[in-house]
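Engineer: need a 3D model of the following:
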Amino acid sequence: MSKILLVLACLIVVLNAGRVFSDYKPLTSSPCTWSKARLRYKWKESPGKGCKICRCVMKNGSLWQDCKTYPRPTSWVENCRTERRNCKYSVVRADDPTTTCKVLAYTTYRYKIWVADRTNTK
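Structural biologist: Below is the predicted model:
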């Protein structure tokens, strides 16, 4: 989780004036390459790395790592709590963990991290 926050903090800096500036340092530890992006390479990260599903994409001459997280419950009925098993979440009763509860809302996150630009060769 801390690696994700560090990468996001390095990628975009938001100022109080409402402007967004982008830092042009590419991601150095990405599994994405141009050939993998052409093959639509996908991978799933382990629970220790945040359980993201990522893929390599090309857009407007740039190479991107496009990731999304599994849906997590963000709202549920009273007297219940979340339990995480590997990469999936479930909501169970606080007093009886064998009984599931109704989930009212889920949240998922999707983000793109810039990896590289294709150099112009003319």
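Engineer: strands along the protein, start to end?
Structural biologist: 12-14, 20-22, 42-44, 52-59, 62-69, 72-76, 80-85, 88-93, 103-107, 110-117 (DSSP state E).
Engineer: lowest average pLDDT across those strands?
Structural biologist: Among the strands of the chain, strand 12-14 carries the lowest mean pLDDT, at a mean of 36.
Engineer: burial count for T82?
Structural biologist: Residues within reach of T82, counting by other CB atoms under 10 Å, total 14. For the C-beta atoms, the positions are set from N, CA and C on the backbone; glycine is no exception.
Engineer: name whatever forms a beta bridge with it.
Structural biologist: For T82, the beta-bridge partners are V91 (DSSP bridges).
Engineer: in contact with it, which residues?
Structural biologist: Shown in contact with T82 (CB atoms under 8 Å, 6 or more residues apart in numbering): R72, P73, W76, Y89, S90, V91.
Engineer: narrow those to just the buried residues.
Structural biologist: R72, P73, W76, Y89, V91 (16 or more other CB atoms under 10 Å).
Engineer: what are the bridge partners for the first one, then?
Structural biologist: Pointing back at R72 there. With DSSP bridges as the rule, R72 is bridged to T107.
Engineer: measure it to I113 for me?
Structural biologist: The gap separating R72 from I113 is 20 Å, by CB to CB, to the nearest Å.
Engineer: now swap in R93 and tell me
Structural biologist: Distance from R93 to I113, by CB to CB: 38 Å.
Engineer: looking at these two, which is more packed in?
Structural biologist: Between R93 and I113, I113 has the larger neighbour count (other CB under 10 Å), namely 20 against 15.
Engineer: next, count neighbours for C56.
Structural biologist: Neighbours around C56, by other CB under 10 Å: 23.
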